[in-house]
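In: one predicted model, sequence on top.
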Amino acid sequence: MPPVPDAFGPGAAPFEEWNPTEESVQPVRGRHKIAKQRGGSMARSGAVLGVGMIAAVGAGGMATAQEKPSTSISMPDVAAAANKAKDLPGVKLLSGGSEETVAGQPLTQAALTESDTKAGRTDAGEALRSRILQQAQQQQSAAEASERKAAVDKAADAARTKAAKAEKKQVAAERAKAEEARLAKLAKSFKLPVSGYQLTSRFGDSGGLWVNGHTGLDFAASSGTPIRAVHSGTVKEAGWAGSFGYRTILKLDDGTELWFCHQSSMNVSAGQKVRTGELIGHVGSTGNVTGAHLHLEVHPGGGDAIDPEAWLRGKGITP
């Protein structure tokens, strides 16, 4: 075999400059099997080849870019755009000497407002501190105003409550006064049945003398003590009534019946009209009794008996 000439030895042809371009460098297509060295690492030749291809492509791109003519670039008219932006609401452009509005006040490049400048503040930090203090003062003033309003409202509520209580008290006093006047007027037309008495048994008392409890009010007095009409009315009955002894039933104008029991004698008869305080009989001990007394019962509308003591108090007289 003849010897291979040494490309780098004496007599070798001179190298021509290779300037790769996008057309001269074709991409490698298809699958390629990369040889591996012992130990599983990638062959160094493959790595060198890859780096060389990347460098060649980069150089080709640079060369191509140098050969192509320059491209002109058009820029929009900034002045015209600015003039259009000025017409938009709420838009304010910034320039070297322009100002920006923050919180309703224009800011200079040093973040100072016109009010800061007028106040002689030239330090941005001091101006910010002043605005923060001013805002805090406004919040404090608002809080104090709210507290004052709450205090005023509370005082007004207290005054209204006091006035309502006073009015309620006045109304109650007027009602009591009216009731007192009514009872005083009634007292002139009502009278206690006996005088010189002692209350011994009241309504509802229990004991062996009564089957279902005491149904009246007992005025213990000496036998023969006069019994007078409590109110004007008409005598419904007058006579013997068994365990009640001699009994007189006086019917008032409103239908209430008054029973006067255990009398020793009677001075009226059925159908007779009597006036308040008129004599109708005398205290005795007839019927089921243990001593001389007047047993008085009150039957509204002629129905069941009620407490005579409470009824008398409602008429303005206290037994």
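Out: Nice, thanks for sending it over. Numbers count the residues shown, from 1 in each chain.
In: every contact and neighbour count from this point should use C-alpha atoms.
Out: OK.
In: all strands for the stretch 51-200 of the chain, in order.
Out: 100-102, 105-107, 198-199 (DSSP state E, counting those that start in this stretch).
In: so for the first one, mean pLDDT?
Out: Think strand 100-102. The pLDDT scores in strand 100-102 average 46.
In: just the second one next, same as before
Out: Predicted confidence along strand 105-107 averages 49 (mean pLDDT).
In: what's the single longest strand in this protein?
Out: Counting by DSSP state E, the longest strand found in the chain is strand 257-266.
In: point out the other helices and strands that that one packs with.
Out: strand 246-252, strand 279-283, strand 293-299 (3 or more C-alpha pairs under 8 Å, 6 or more residues apart in numbering; DSSP states H and E).
In: that one pairs with which strands?
Out: Applying DSSP bridges to the sheet, strand 257-266 is found paired with strand 246-252 (antiparallel), strand 279-283 (antiparallel), strand 293-299 (antiparallel).
In: in the stretch 151-300 of the chain, where is pLDDT below threshold?
Out: 207-211 (pLDDT under 70).
In: take the helices and strands packed on strand 257-266 and write them to TSV, including distance to residue 113 and mean neighbour count.
Out: As requested, the helices and strands packed on strand 257-266 are exported to TSV (distance: least, C-alpha to C-alpha, whole Å; neighbours: other C-alpha atoms under 10 Å):
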stretch	distance to residue 113	mean neighbour count
strand 246-252	97	25
strand 279-283	107	23
strand 293-299	96	25
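In: using TSV, lay out those together with distance to residue 145.
Out: Shown next, in TSV, are these (distance: least, C-alpha to C-alpha, whole Å):
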stretch	distance to residue 145
strand 246-252	70
strand 279-283	79
strand 293-299	68
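In: now residue 276, nearest residue through space, not along the chain?
Out: residue 231 (4.3 Å; C-alpha to C-alpha, 6 or more residues apart in numbering).
In: what about the one you found, which SS state?
Out: coil (DSSP: H, G, I helix; E, B strand; the rest coil).
In: check the burial of it by counting its neighbours.
Out: Using other C-alpha atoms under 10 Å, residue 231 has 24 neighbouring residues.
In: roughly how far does it sit from residue 297?
Out: As for residue 231, its distance to residue 297 is 14 Å (criterion: C-alpha to C-alpha, to the nearest Å).
In: which positions in the longest strand of the chain come out as buried?
Out: 257-266 (16 or more other C-alpha atoms under 10 Å).
In: check contacts around residue 200.
Out: 217-220 (C-alpha atoms under 8 Å, 6 or more residues apart in numbering).
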